[in-house]
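In: with the input below, show me the fold.
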Amino acid sequence: MSLAKALNESLRKALESDPKVVVMGEDVGKLGGVFRITDGLQKDFGESRVIDTPLAESGIIGTAIGLALRGYRPVAEIQFDGFVFPAYDQIVTQLAKMHARALGKVKLPVVIRIPYGGGIGAVEHHSESPEALFAHVAGLKIVTPSNADDAYWMLRQAIECDDPVIFFEPKRRYWDKGEVDVAAVPGDLHKAVVARPGTDVTLAAYGPMVKVCLEAAAAAEHEGRSLEVLDLRSLSPIDFDTVQASVERTGRLVVVHEAPVFYGAGAEIAARITERSFYHLEAPVLRVGGFHAPYPPARLEEEYLPGLDRVLDAVDRALAF
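Out: Numbering: from 1, shown residues only. Presented below is the predicted three-dimensional model:
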């Protein structure tokens, strides 16, 4: 099924399994969401479980926090990545802090779904990648799937988690299809996985860039190069052990993400792996990402987004050392 359908099925299962789960957001009910992720859920579960909210992101998250305090498990949708900032105060000063503020006595099982990233030809505030702004904040868990199977299971696990989870959905992958095993036993939500084994260079990516890295590995194979692709899946916490193990096999690391390289997740990964594996590295850790500039108009976004050529160029530079 498509990644979008997998998310829909995951929400449906959560609503069926736990009467305390509620879905809320702008147009999530009657319309089924702008990407149809919540299509059919209000019809089947009613307006008290799948709630159309006003256009007020701060109010959505503030209400979700209140519901969580009363024992509910709200799943709040922010319609697009660039719309989250009116709610940033609620997320950072309340949602992320309340558990520690209450000395662990208060739990806030809130999931915030955010479609993020570019590649859909949208206008500004519809294509950003703000994940580093949230990963920097203690008290939040940050995860992002790259395929349909992970979308289904990671959302289920996020909803069952007693901590607040920011669930970033790679919107340009919504229509990518894959096998989903709804009877499987899921692994650790925050565990990175080897999406493709290799021996020469490690490519570490997450969300929309995993597919790009897999395509780069396939292209490099024709030139006799073996690239290992890691799907990080989680940005807070990050599974540095799996990254370290891969890098100590290959000796080289390239981190790839859509977000700007400047102060991006790749910077933290590069620093940690350099600290942990300095004597195993055959080359500096390299980063491939967006530019430190506002997201461009749709006609220019392919120049902004990391693609096959930029990833393979970084691989060449890593192997040149």
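
In: can you measure across stretch 135-149, start residue to end residue?
Out: Terminal residues of stretch 135-149 lie 23 Å apart, using C-alpha to C-alpha, to the nearest Å.

In: what mean pLDDT does it have?
Out: For stretch 135-149, mean pLDDT is 98.

In: in that stretch, what counts as buried?
Out: 135, 137, 139-149 (16 or more other C-beta atoms under 10 Å). Heads up, the C-betas are built off the backbone N, CA and C, glycines and all.

In: sitting in strands, which of those do you find?
Out: Among the buried residues of stretch 135-149, the members falling in strands (DSSP state E) are 141-143.

In: turn those into JSON lines, columns for distance to Ala216.
Out: Compiled in JSON lines, these are given as follows (distance: C-beta to C-beta, whole Å):
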{"residue": "Lys141", "distance to Ala216": "29"}
{"residue": "Ile142", "distance to Ala216": "24"}
{"residue": "Val143", "distance to Ala216": "23"}
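
In: which one of these is nearest Gly33?
Out: Distance to Gly33, by C-beta to C-beta, is smallest for Val143 among these, at 19.4 Å.

In: I figured that closest one was touching Val165, is that so?
Out: Yes - applying C-beta atoms under 8 Å, one finds Val143 in contact with Val165, separated by 6.4 Å.

In: spit out the residues that contact those two alike.
Out: Ala158 (C-beta atoms under 8 Å, 6 or more residues apart in numbering).

In: which stretches of the stretch 101-250 of the chain form strands?
Out: Ranges of strands in the stretch 101-250 of the chain, per DSSP state E, counting those that start in this stretch, are 111-116, 141-143, 165-170, 193-196, 201-205, 227-231, 234-236.

In: check which helix or strand covers Arg287.
Out: strand 286-290 (DSSP states H and E).

In: now do that strand: which elements does it pack against?
Out: Helices and strands touching strand 286-290, by 3 or more C-beta pairs under 8 Å, 6 or more residues apart in numbering; DSSP states H and E, are strand 253-260, helix 265-277, helix 308-320.

In: partners of the shortest one, with directions?
Out: Yep, that's strand 253-260 we're talking about. strand 201-205 (parallel), strand 286-290 (parallel) (DSSP bridges).

In: could you dump these into a markdown table and include mean neighbour count, mean pLDDT and distance to Arg233?
Out: Shown next, in a markdown table, are the strands paired with strand 253-260 (neighbours: other C-beta atoms under 10 Å; pLDDT from 0 to 100; distance: least, C-beta to C-beta, whole Å):
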| stretch | mean neighbour count | mean pLDDT | distance to Arg233 |
| --- | --- | --- | --- |
| strand 201-205 | 29 | 98 | 10 |
| strand 286-290 | 23 | 97 | 18 |
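
In: make a markdown table out of these and add distance to Val254.
Out: What follows is these, written out as a markdown table (distance: least, C-beta to C-beta, whole Å):
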| stretch | distance to Val254 |
| --- | --- |
| strand 201-205 | 5 |
| strand 286-290 | 5 |
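
In: so for Ile65, which of those strands sits nearest?
Out: Closest to Ile65 of the strands paired with strand 253-260, according to C-beta to C-beta: strand 286-290, at 31.1 Å.

In: contact partners of the closest one?
Out: Contacts for strand 286-290 (C-beta under 8 Å, 6+ apart): 129, 253-261, 264, 266-267, 270, 304-306, 310-311, 314, 317-318.

In: identify each buried residue in the helix or strand just after it, please.
Out: Later in the chain than strand 286-290, the nearest helix or strand by DSSP H and E is helix 301-304. Using 16+ other C-beta under 10 Å as the burial criterion, the residues of helix 301-304 that qualify are 301, 304.

In: then stretch 222-229?
Out: Here stretch 222-229 shows 225, 227-229 as buried, counting by 16+ other C-beta under 10 Å.

In: could you look over the helices and strands packed on strand 286-290 and pick the most buried one?
Out: strand 253-260 (a mean of 26; mean count of other C-beta atoms under 10 Å).

In: next, the angle from it to helix 265-277.
Out: 160 degrees (axes from the mean of the first three to the mean of the last three C-alpha atoms, to 10 degrees).

In: quick one: mean pLDDT over strand 253-260.
Out: Across strand 253-260, the per-residue pLDDT values average to 98.

In: ok and that strand relative to strand 227-231, angle-wise?
Out: 50 degrees.

In: for strand 253-260, what is the distance to the chain centroid?
Out: Centroid separation for strand 253-260 versus its chain: 13 Å, with C-alpha atoms, centre = their mean, to the nearest Å.

In: pLDDT below threshold where in the stretch 1-150 of the chain?
Out: Under the criterion pLDDT under 70, no range of the stretch 1-150 of the chain is flagged.

In: that one: helices as residue ranges?
Out: Taking DSSP state H, counting those that start in this stretch as the test, the helices found in the stretch 1-150 of the chain are 3-17, 41-45, 57-69, 88-89, 98-101, 131-135, 148-160.
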